[in-house]
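Novice: Okay, predicted coordinates and the sequence, questions at the end:
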Amino acid sequence: MSLKLAIGGKGGVGKTTITSLLARTIAQIDNNRVIAIDADPVANLAAGLGIDESTPITPVAELSDLIAERTGAKPGTMGGFFTLNPKVDDIPDRFSLERDGVKLLVMGTVQSGGSGCICPESTILKALMNHLVLARNEVVIMDMEAGVEHLGRATSGSVDALVAVVNPGKRSRVAAERIRKLGQDIGIKKIVVLGNRVKNQADEDLIRESLSDFEIIGFLPEMEEIFSADRQGVRPFDDPSTIPEAFKTIARRFLDLNVE
């Protein structure tokens with residue numbers, strides 16, 4: 001199975017929790033191999049996956065020695081020469097942490113030169129994302145910023161879906177429009193909405209009516225277990241067998257996208 005998903009949404013809609021639970025659920029289905037990518041600088045995918053936060057996780061963008069070795073330039077270099085096609089195929093296995101069949105890889109952000117800079121750090125991140133999406137025969141689920149940072153035209157055609165997570169609040173629904181435009185601008189063909197924290201039929205109807213020109217992949221109800229786990233600082237549904245059927249249903253719908 002080689003499914004590639006990018007998960008986006010306004011801050012606070014629950015996309016990191018959804019990313020972690022989808023990754024864990026898909027790993028349980030037919031023993032799929034899953035790589036979860038933390039590409040949101042303010043997210044904490046490690047906690048959602050139940051990876052011990054006391055275990056050091058150095059973002060790829062901060063692996064200074066590796067970046068210098070692979071690009072031939074020192075991190076932060078804004079001039080001079082360095083390779084635009086660095087070797088990255090070993091990075092997912094060397095620098096990821098794993099639990100319950102899900103590998104976590106933290107991308108990090110480029111701290112200088114702006115989001116569009118051509119520098120060794122951004123070159124490594126883009127090359128790594130290309131490799132993850134185009135070359136890995138695994139399920140790759142990316143927890144993105146509100147936009148589509150790290151994704152470019154080279155990889156967009158191979159992303160099976162860009163998922164805009166929304167809740168009934170207006171601001172999250174407005175964000176879905178922005179996410180769709182960003183995805184369309186780089187050529188992502190399939191952009192879907194996933195409703196989260198839906199309390200009742202009225203909430204579901206509101207999302208359907210206000211985003212009537214979107215494809216809606218499904219809805220997830222508000223779950224007390226998720227709030228409780230967040231308060232306790234643990235991952236929700238720690239026993240994988242207790243993950244609700246609602247997540248399994250959504251996971252299977254995404255897996256079906258890859259075989260359509």
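Specialist: Arrived safely.

Novice: The helix or strand of the chain with the lowest mean pLDDT: which residues count as buried?
Specialist: One helix or strand of the chain scores below all others by mean pLDDT, DSSP states H and E: helix 153-156, with a mean of 73. Neighbour-count burial for helix 153-156, counted by 16 or more other CB atoms under 10 Å, picks out 155, 156. To be clear about C-beta, it is placed using only N, CA and C from the backbone, and glycine gets the same treatment.

Novice: Likewise for stretch 126-140?
Specialist: Residues 126, 127, 128, 129, 130, 131, 132, 133, 138, 139, 140 are the ones in stretch 126-140 that count as buried (16+ other CB under 10 Å).

Novice: Quick check: which element contains the third one?
Specialist: Here residue 128 sits within helix 120-134, counting by DSSP states H and E.

Novice: Does anything pack onto the least confident helix or strand of the chain? Which helices or strands?
Specialist: helix 120-134 (3 or more CB pairs under 8 Å, 6 or more residues apart in numbering; DSSP states H and E).

Novice: quick one on the thing from earlier: ok, and what's touching the helix or strand just after the helix holding residue 128?
Specialist: Downstream of helix 120-134, the next assigned helix or strand under DSSP H and E is strand 139-143. Outside strand 139-143, the residues that touch it by CB atoms under 8 Å, 6 or more residues apart in numbering are 1-7, 15-16, 19-20, 22-23, 26-27, 32-40, 43, 45, 132-133, 150-151.

Novice: how far off helix 120-134 does strand 139-143 point, in degrees?
Specialist: Counting by axes from the mean of the first three to the mean of the last three CA atoms, to 10 degrees, strand 139-143 lies at 140 degrees to helix 120-134.

Novice: Could you pull up the mean pLDDT of strand 139-143?
Specialist: Here strand 139-143 scores 95 as its mean pLDDT.

Novice: Which strands border that strand, and is each parallel or antiparallel?
Specialist: Sheet pairing of strand 139-143 (DSSP bridges) gives strand 4-8 (parallel), strand 34-38 (parallel).

Novice: Figure out which of those strands is closest to residue 219.
Specialist: Among these, strand 4-8 comes nearest to residue 219, with 15.5 Å by CB to CB.

Novice: That closest one: how far from the chain's middle?
Specialist: 5 Å (CA atoms, centre = their mean, to the nearest Å).

Novice: likewise stretch 126-144?
Specialist: 10 Å.

Novice: Between the two ends of that stretch, how far is it?
Specialist: End-to-end distance for stretch 126-144: 14 Å, by CA to CA, to the nearest Å.

Novice: can you pull the buried residues of stretch 201-209?
Specialist: Within stretch 201-209, the residues that count as buried by 16+ other CB under 10 Å are 203, 204, 206, 207.

Novice: Name the residues that touch it?
Specialist: 166, 168, 173, 193, 195, 197, 198, 216, 219.

Novice: tell me the mean pLDDT over that stretch?
Specialist: The model assigns stretch 201-209 a mean pLDDT of 96.

Novice: Stretch 24-42 too?
Specialist: pLDDT averaged over stretch 24-42 gives 91.

Novice: Would you indicate which residues of it are buried?
Specialist: Neighbour counts over stretch 24-42 (16+ other CB under 10 Å) mark 24-28, 32-40 as buried.

Novice: so how far does that stretch reach from one end to the other?
Specialist: Start-to-end, stretch 24-42 (CA to CA) is 21 Å.

Novice: about what we covered before: any chance of the strands paired with strand 139-143 in a markdown table, plus distance to residue 186?
Specialist: Formatted as a markdown table, the strands paired with strand 139-143 follow (distance: least, CB to CB, whole Å):
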| stretch | distance to residue 186 |
| --- | --- |
| strand 4-8 | 10 |
| strand 34-38 | 17 |
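
Novice: of those, which approaches residue 211 most closely?
Specialist: strand 4-8 (14.2 Å).

Novice: Let me know the next secondary structure element after that closest one.
Specialist: Heading C-terminal from strand 4-8 (DSSP H and E), you reach helix 15-28.
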